[in-house]
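Trainee: Output the structure for:
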Amino acid sequence: MRFGQWLGLLALVAALTLLWTLRQSLLTLFAAVVVAMALCTLIGWMRQRLGCGRPLAVVLSLGLVSVVLAVLATAVIPPFVEQFGELVSKLPAAATTLLNLTRDLISRASQMLYGRSDGGLDWLREGLFSGGEPSNLRGGALQLLGLAGGLGTGLLQLLFVVAVALMITLQPLAYREIAVLLVPSFYRRRFRKVLVSCGDALSGWMVGVLISSLCVGVLAAIGLSLLGVKLVAANAVLAGLLNIIPNIGPTLSTVFPMSVALLDSPIKALAVLLLYVAVQNLESYLITPSVMQHQLNLLPGLTLTAQLLFTVVFGPLGLLLALPLAVCLQVVVKEVLIHDVLDRWKRPPLAS
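Mentor: Take a look at the predicted model:
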């Protein structure tokens, strides 16, 4: 290799190392872009419905968002925080009940298999309960959910995301052109179309997820009310919020209502499990296909792979943003790698 080629290789390695070092900051910036796309989608809907100019649509959209946030801060968040705190306090008692129920099931199975309730399955009982009684589960749960140490950093990141999102929302075309200038001049027109496609895919995904999460929250609230499960508001809000994270989120949302129901009876906990399975199947096979007809569909295997990969690379924020990242990457792979590279890759002529 020549000196210039070595220099280019070193520059590429340095650039990749820099990107890897700044991956958390870049992910936070991507979160701001996602929020900005959500605001731009609302602004576009306002302009289409009201037939007004962009400045007026921006003012109306920001006003609407402010009103919604004010209503959430005064009417929804306080009871949710209260009920969620009570929900967390019930988890240790529910865990103790579950352990006692498991012990009883093992004893009954030993009675059926060996004619006595002890001795036959002692190896299983000792393996499951070798840690002793869960006397410190309350402290463990509170430590798991206690994020006070990183609260300041989280608030700063949230302020950064909101500020950058508002700046991008006010001048989206200008910031898009800055991104276009980062690619070679011969590819800028095509790259501009790719960015527009990514924006359209993100907008469709966000609208679909919003409608889907609202439906899941409402269905969960109705079902839990009919079953007589306590803390309906907290569990319904959690079901709607965690629905944003596919595969993992719905599973986590089932733990809390089942824990509360288990304190009443195992049958009620089983009924809650069946309810959430029914709601998730309804969401997966009816609600989501109906509201996302024009949205870029992601295969379940690719979705799970993206969640695992981005969680390992970026941490919890990567898990939260795995779906929008996967949506954008799928557009880039389809438009750039497949359409612009592989589809135009000609077979070299045979040597005569």
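
Trainee: The stretch 201-350 of the chain: helices as residue ranges?
Mentor: 232-242, 248-264, 266-282, 288-291, 300-314, 316-320, 322-332 (DSSP state H, counting those that start in this stretch).

Trainee: Please point out which parts of the last one sit buried.
Mentor: Buried residues in helix 322-332, counted by 16 or more other Cβ atoms under 10 Å: 322-328, 330-332. Yep, even glycine has a C-beta here, placed from its N, CA and C like the rest.

Trainee: Please name the residues that touch the most centrally placed residue in the chain.
Mentor: Among the residues of the chain, the one closest to the centroid is I245, at 3.0 Å (Cα atoms, centre = their mean). Taking Cβ atoms under 8 Å, 6 or more residues apart in numbering as the contact definition, I245 lies against 252, 307, 319-320, 322-323.

Trainee: pLDDT score for it?
Mentor: Looking at I245, its pLDDT stands at 80.

Trainee: Outside of stretch 186-194 itself, list whatever touches it.
Mentor: 176, 180-181, 183, 331-332, 335-336, 340.

Trainee: Let's see that with 7 Å instead.
Mentor: 180, 183, 331-332, 335-336, 340 (Cβ atoms under 7 Å, 6 or more residues apart in numbering).

Trainee: Let's have the helices of the stretch 201-350 of the chain in CSV, adding distance to L39.
Mentor: Supplementary listing: those in CSV, determined by distance: least, Cβ to Cβ, whole Å:
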stretch, distance to L39
helix 232-242, 19
helix 248-264, 23
helix 266-282, 29
helix 288-291, 20
helix 300-314, 23
helix 316-320, 18
helix 322-332, 14
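
Trainee: So which of those helices is the most surrounded?
Mentor: Most buried of the helices of the stretch 201-350 of the chain by mean neighbour count (mean count of other Cβ atoms under 10 Å) is helix 232-242; its value is a mean of 22.

Trainee: Taking their axis directions, it and helix 248-264 sit at what angle?
Mentor: On the basis of axes from the mean of the first three to the mean of the last three Cα atoms, to 10 degrees, helix 232-242 is oriented at 160 degrees to helix 248-264.

Trainee: Show me what helix 232-242 is packed against.
Mentor: Applying 3 or more Cβ pairs under 7 Å, 6 or more residues apart in numbering; DSSP states H and E, we find helix 232-242 packed against helix 77-114, helix 188-227, helix 248-264.

Trainee: Give me whichever of these is most buried.
Mentor: Using mean count of other Cβ under 10 Å, helix 248-264 ranks as the most buried of those, with a mean of 20.

Trainee: so where's this protein uncertain?
Mentor: 1, 76, 106, 109-111, 113-152, 289-300, 348, 350-352 (pLDDT under 70).

Trainee: Work out the gap between the helix or strand hosting L56 and the centre of the chain.
Mentor: Under the criterion of DSSP states H and E, L56 resides in helix 54-71. Computed by Cα atoms, centre = their mean, to the nearest Å, the chain-centroid distance of helix 54-71 equals 25 Å.

Trainee: Now it: buried residues?
Mentor: Buried residues in helix 54-71 (16+ other Cβ under 10 Å): 57-58, 60-62.

Trainee: Need the residues that contact it.
Mentor: 39, 42-43, 46-47, 170.

Trainee: ok, 8 Å please
Mentor: So helix 54-71 is contacted by 39, 42-44, 46-47, 50, 52, 169-170 (Cβ under 8 Å, 6+ apart).

Trainee: would a markdown table of those residues with secondary structure and distance to L158 be doable?
Mentor: Converted to a markdown table, the contacts of helix 54-71 look like this (DSSP: H, G, I helix; E, B strand; the rest coil; distance: Cβ to Cβ, whole Å):
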| residue | secondary structure | distance to L158 |
| --- | --- | --- |
| L39 | helix | 15 |
| L42 | helix | 19 |
| I43 | helix | 21 |
| G44 | helix | 25 |
| M46 | helix | 25 |
| R47 | helix | 28 |
| L50 | helix | 30 |
| C52 | coil | 30 |
| T169 | helix | 16 |
| L170 | helix | 19 |
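
Trainee: which two in the residues you listed are spaced the farthest apart?
Mentor: L50 and L170 (18.8 Å; Cβ to Cβ).

Trainee: Compare those two and say which is more crowded by neighbours.
Mentor: L170 (15 against 11; other Cβ atoms under 10 Å).

Trainee: Quick check: the gap between Y276 and V229.
Mentor: Taking Cβ to Cβ, to the nearest Å as the measure, Y276 falls 11 Å from V229.

Trainee: shared neighbours, those two?
Mentor: P257.

Trainee: Quick check: of the buried residues of helix 322-332, which lies closest to V272?
Mentor: So of the buried residues of helix 322-332, ranked by how close each gets to V272 (Cβ to Cβ), first place is L323, at 26.1 Å.

Trainee: What residues does that closest one make contact with?
Mentor: By Cβ under 8 Å, 6+ apart, L323 lies in contact with 205, 209, 244-246, 298, 303, 306-307.

Trainee: ok, it to L56 distance?
Mentor: 32 Å.

Trainee: same check, this time on G85
Mentor: Where L56 is concerned, G85 sits at a distance of 42 Å (Cβ to Cβ).
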